[in-house]
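1. pasting the sequence and the predicted coordinates here, then a few questions.
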Amino acid sequence: MSSEARGPGHTASTAGGTGAGPEVPGTARTGGDEDGGTPSVGTRRPRPDRPALLAIAGVLGLCLALVLFGVLRGGGEDKAEPRVPTEPVTYEVTGEGTADLSYQGASEQGTAETVSGARLPWKKTVAVPRGQSPVIRITLGEQGGQARCAVAVRGRHVQSATASGGFGRATCSASLPAPAPEPSGSPSA
């Protein structure tokens, strides 16, 4: 049909047009990409890549957090110091009243543990690193009295001593074998 057949005010659609009349600048067109036309002006196309970008950013953030945790924690098991074998050592102090005690604890540096005014009798078993010398020292107070110390390694009595009188002192000690050297990965020449 021609434009005359439609009547006044009607125009025929042209190829690619919408048939909605003349295009006015600044107004939105209908149709968009669905029918192969140009995108509508003033509308936004959804971004299907936004969730993927957020997921990638989340994974990268998690990886970074794990790396920082590992670095701040001090690394893995590769850097762990070798453990020195220990022996069970029992310290025992018998007597009445109280005494000040100092004994070799479980530290590899040989630091002493102290107990001030320990009530007697007193007994403690600790794991002492091989190569250290387990020792206990007792000191009586001004009131004096009598106290006896004893050291046992693996349940076997090693030494005992007695302190008596005001500020009396006694020391009991033993020796532990040094740890066996760890085998090296290379053959000896």
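-> Arrived safely, thanks for sending.
2. could you find the closest non-adjacent residue to residue 103?
-> residue 136 (4.1 Å; Cβ to Cβ, 6 or more residues apart in numbering). Yep, even glycine has a C-beta here, placed from its N, CA and C like the rest.
3. where along this structure do the helices fall?
-> With DSSP state H as the criterion, the chain has helices at 3-6, 50-73.
4. could you dump the ones you listed to CSV with mean neighbour count and mean pLDDT?
-> Output for the helices of the chain, formatted as CSV (neighbours: other Cβ atoms under 10 Å; pLDDT from 0 to 100):
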stretch, mean neighbour count, mean pLDDT
helix 3-6, 10, 48
helix 50-73, 10, 83
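5. export those as CSV, with columns for distance to residue 117.
-> Below are those laid out as CSV (distance: least, Cβ to Cβ, whole Å):
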stretch, distance to residue 117
helix 3-6, 115
helix 50-73, 40
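6. residue ranges with poor pLDDT in the protein?
-> Within the chain, the stretches with pLDDT under 70 are 1-48, 74-82, 108, 110, 182-189.
7. how about residue 177, phi and psi?
-> Backbone torsions of residue 177, given as degrees, to the nearest 10, read phi -70, psi 150.
8. and it, what does it touch?
-> Counting by Cβ atoms under 8 Å, 6 or more residues apart in numbering, residue 177 touches 130-131.
9. what does residue 85 give?
-> Per Cβ under 8 Å, 6+ apart, neighbours of residue 85: 129-130, 179.
10. if we use 7 Å, what do you get?
-> Residue 85 makes contacts with 130, 179, as judged by Cβ atoms under 7 Å, 6 or more residues apart in numbering.
11. ok, now the one 5 residues further on?
-> Going by Cβ under 7 Å, 6+ apart, residue 90 touches 123, 125, 152.
12. what's the neighbour count on the closest residue to residue 145 other than its chain neighbours?
-> Counting by Cβ to Cβ, 6+ apart, residue 97 is the residue found nearest to residue 145 once chain neighbours are left out, at 5.1 Å. Residue 97 has 15 neighbours, counted by other Cβ atoms under 10 Å.
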